[in-house]
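[1] What follows is a predicted structure for the sequence shown.
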Amino acid sequence: MRRREFLAAAVFAPTAAAGAGETAPSERAWDETHDKRGIRHARHMQVDEDDTLLRIPHEYPEPLDFDLAKSPPRIHFGLIQGLEPEYLSEIATPRSQGVWGGWGSVRRGPDGCFYFSIGNHMSYDGGTAYIIRFDPRTRSHRIVVDTKKVFGWSRDDYADGKLHGDLDCAPNGDLWAMTYFGPIPKPEDWESRYRGGSLFRYNVLSGEIEKLGVVFEGDSWPYHSWDFERHLFFAAGHLGHVLVYDTRQRRLVYGGWPPDGIRWCNRAILIDRTSGLIYSTDVSPGAAHKDRFLRYRRANNRFQRMQARVPANPATGVARALRAYTTRKDPDGAFWCFDMAGTFFKFYPDADRTELVGVNWGASGKYTTNIAMSPKGRYLYYLPGADRRAFTYGTPVVQYDTARGRKKVLAFLYDYYLEKYGYAATGTYGLELDTAGSSLFFFMDGRFGSASAASGGARKPSLFFLEIPDSEREE
């Protein structure tokens, strides 16, 4: 499909939300019409291995500063099943409307399965978020946690409709997470119904769930990471608070505003698992501290501003807060990072410095939330466009070769899946490699029918399991 066509494509505008218990036939009819191969309720995944996955979209709008893989990947693709209800307008009311989507990371468990979250971005009338397990051996998935059931939220409760942070998983199977609201609570909600985000533990091996509830009142948690080796859970709140929780002793270590006017970025919590130090960047106003790296040390709850700063974007001259980073350092002691606008750089925590690499995609960079590093550290994998605008440049799956300093596209997803299945793949927040670095798993926000700026990019989240050809990943 040509660029001018997919930007000007017909847009489906859902009707006003139906009352509780009513259906939205126009949405169903839309999907029935645009689901070209009847896959929206299929439990099995579709399998594709086609040279057209490597076709650059016609009238491509960005610089052609990348290579194309010589061989196409084998991709397993399917729609996420079990979301209840399939159409949220069936339970939405004027006080709460939502959309199915994913806003968090993907993590691999000790069982070799991948864990991620899909939420409905609702509050009243059924707000919930799921943790979903994908088994790469059987190419199957199932819902393993429903937060509405865990915490017993009723239709009159102001529920949290998202899990937005890292679902870090320990070798014993434990996974800790905190909930985050969908729509922002109004003052009257805080006063009477909403106390804050809730903490829970889920064990991926046993299925055991432990609910801790609201361990710090007055904030909700868009980002969190867990240092399972030191039993330290760190969360950054929507309103600026930080929470540090000891998961072994079940006690709050720190809760409140950071000292010295520090504003911890609530979209980045980088754990250095070799030292136990935790990093982010400062989003406090003013040029003196903005975009400086921050460091937290548990001993005496010490928060520090560092000398290192996020480098300025080479195209715009502007630095933004840290957003994406590898989960481990490379052999030179650097984390590979993106800022909020796709500035590409390395962060050396021990040397307290950064080093500009460039931009992650296009002329000036794209908003991207996750980076996966290959086992030996040569390759980085990411999908630019977590803002669900990836379709405007073909929804590329990118491999970056750190040895050569080159980007390579493993597949352009948008045109292929729209033309074959009628599905618009618009962007993702999370991806993860298997232990061998041979396959890449990610969920995708999307919809049936062409995407556009007006249509939005979420409603029918999907799964992609991409097998990387051996010839494209020689380390």
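    Arrived safely. Numbers count the residues shown, from 1 in each chain.
[2] Which positions in the longest strand out of those in the chain come out as buried?
    In the chain, with assignment by DSSP state E, the single longest strand is strand 439-448. By neighbour count on 16 or more other Cβ atoms under 10 Å, the buried set for strand 439-448 is 439-448. All C-beta spots, glycine's among them, are computed from the backbone N, C-alpha and C.
[3] centre of the chain versus it, how much separation?
    Centre-to-centre, strand 439-448 and its host chain are 11 Å apart (Cα atoms, centre = their mean, to the nearest Å).
[4] Averaged pLDDT, it. What do you get?
    Strand 439-448 comes out with an average pLDDT of 97.
[5] Give me the helices and strands touching it, please.
    The contact analysis (3 or more Cβ pairs under 8 Å, 6 or more residues apart in numbering; DSSP states H and E) places strand 439-448 against helix 25-34, strand 114-119, strand 423-427, strand 431-433, strand 462-467.
[6] among those, which is the most enclosed?
    Of all the helices and strands packed on strand 439-448, strand 423-427 has the most neighbours on average by mean count of other Cβ atoms under 10 Å, namely a mean of 29.
[7] Would you mind giving the orientation angle of that one with respect to helix 25-34?
    Between strand 423-427 and helix 25-34, the angle comes out at 110 degrees (axes from the mean of the first three to the mean of the last three Cα atoms, to 10 degrees).
[8] who does strand 423-427 pair up with?
    Note on strand 423-427: by DSSP bridges, its sheet partners are strand 439-448 (antiparallel).
[9] Now do the partner strand against strand 114-119, angle only.
    Using the same axes, to 10 degrees: strand 439-448 against strand 114-119 is 20 degrees.
[10] For the stretch 301-450 of the chain, which segments count as strands?
    Here the stretch 301-450 of the chain has its strands, by DSSP state E, counting those that start in this stretch, at 302-309, 322-325, 335-339, 343-348, 353-359, 372-373, 379-382, 396-401, 406-412, 423-427, 431-433, 439-448.
[11] picking up where we left off before, adding distance to F151, write the buried residues of strand 439-448 out as JSON lines.
    Below are the buried residues of strand 439-448 laid out as JSON lines (distance: Cβ to Cβ, whole Å):
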{"residue": "S439", "distance to F151": "34"}
{"residue": "L440", "distance to F151": "33"}
{"residue": "F441", "distance to F151": "28"}
{"residue": "F442", "distance to F151": "28"}
{"residue": "F443", "distance to F151": "23"}
{"residue": "M444", "distance to F151": "28"}
{"residue": "D445", "distance to F151": "25"}
{"residue": "G446", "distance to F151": "29"}
{"residue": "R447", "distance to F151": "29"}
{"residue": "F448", "distance to F151": "32"}
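[12] just those now: which is nearest L199?
    Distance to L199 across those (Cβ to Cβ) is lowest for F443, with 23.3 Å.
[13] That closest one bridge partners, please.
    With DSSP bridges as the criterion, F443 is bridged to L463.
[14] Looking at strand pairing, list the partners for the residue nearest to Y417 when sequence neighbours are not counted.
    Leaving aside its sequence neighbours, Y417 sits nearest to Y423 (Cβ to Cβ, 6 or more residues apart in numbering; 4.7 Å). Y423 has these beta-bridge partners by DSSP bridges: F448.
[15] Y423 contacts G446, correct?
    Yes - using Cβ atoms under 8 Å, Y423 is in contact with G446, at 5.9 Å.
[16] where do the contact lists of these two overlap?
    The contact sets of Y423 and G446 overlap at 460, 462 (Cβ atoms under 8 Å, 6 or more residues apart in numbering).
[17] So for P183, which of the helices and strands packed on strand 439-448 sits nearest?
    Nearest to P183 among the helices and strands packed on strand 439-448 is strand 114-119; the distance by Cβ to Cβ comes to 11.9 Å.
[18] can you list the domains in this structure?
    Annotated domains of the chain cover 1-104+369-475, 107-267 [automatic domain parsing].
[19] Compile these into a markdown table and extend it with columns for distance to V310.
    Formatted as a markdown table, those follow (distance: least, Cβ to Cβ, whole Å):
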| stretch | distance to V310 |
| --- | --- |
| domain 1-104+369-475 | 15 |
| domain 107-267 | 10 |
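[20] of those domains, which approaches A324 most closely?
    A324 lies closest to domain 1-104+369-475 among the domains of the chain, at 5.0 Å (Cβ to Cβ).
[21] Would you mind measuring from F114 to F134?
    Separation of F114 from F134 (Cβ to Cβ, to the nearest Å): 4 Å.
[22] and for those two, which residues touch both?
    With Cβ under 8 Å, 6+ apart, F114 and F134 have common neighbours F441.
[23] Show me how far stretch 314-329 is from its chain's centre.
    The answer for stretch 314-329 is 16 Å, by Cα atoms, centre = their mean.
[24] ignore the last one, stretch 245-252
    Per Cα atoms, centre = their mean, the displacement of stretch 245-252 from the mean C-alpha position of its chain is 26 Å.
[25] Stretch 364-379 now?
    Distance of stretch 364-379 from the chain centroid (Cα atoms, centre = their mean) equals 13 Å.
[26] ok, back up a step: which residues sit in contact with the residue nearest to Y417?
    Y423 touches 35, 39, 79, 417, 446-448, 460, 462, counting by Cβ under 8 Å, 6+ apart.
[27] change it to 10 Å
    34-37, 39-40, 46, 77, 79, 413-414, 416-417, 444, 446-449, 451, 460, 462 (Cβ atoms under 10 Å, 6 or more residues apart in numbering).
[28] Please pick the buried ones from the residues you listed.
    Buried by 16+ other Cβ under 10 Å: 34-35, 39-40, 46, 77, 79, 413-414, 416-417, 444, 446-449, 451, 460, 462, out of the contacts of Y423.
[29] residues near V318, how many?
    By the criterion of other Cβ atoms under 10 Å, V318 has 14 neighbours.
[30] Please verify my assumption that it contacts S364.
    Yes - counting by Cβ atoms under 10 Å, S364 is a contact partner of V318 at 9.4 Å.
[31] got any residues that touch both of the two?
    Taking Cβ under 10 Å, 6+ apart as the criterion, V318 and S364 both touch 341, 343.
[32] and the gap between Y400 and W336?
    To W336, Y400 is 8 Å away according to Cβ to Cβ.
[33] Then R251?
    Counting by Cβ to Cβ, the gap from R251 to W336 is 34 Å.
[34] Looking at these two, which has the bigger crowd around it?
    Legend: neighbour count by other Cβ under 10 Å for R251 and W336, higher for W336 (23 against 9).
[35] Pull the contacting residues for the more buried one.
    W336 makes contact with 324-326, 328-330, 344-347, 357, 360, 371, 373, 377, 380, 382, 400, 402, according to Cβ under 10 Å, 6+ apart.
[36] could you flag which of those residues are buried?
    Using 16+ other Cβ under 10 Å, the buried members of the contacts of W336 are 324-326, 329-330, 344-347, 357, 360, 371, 373, 377, 380, 382, 400, 402.
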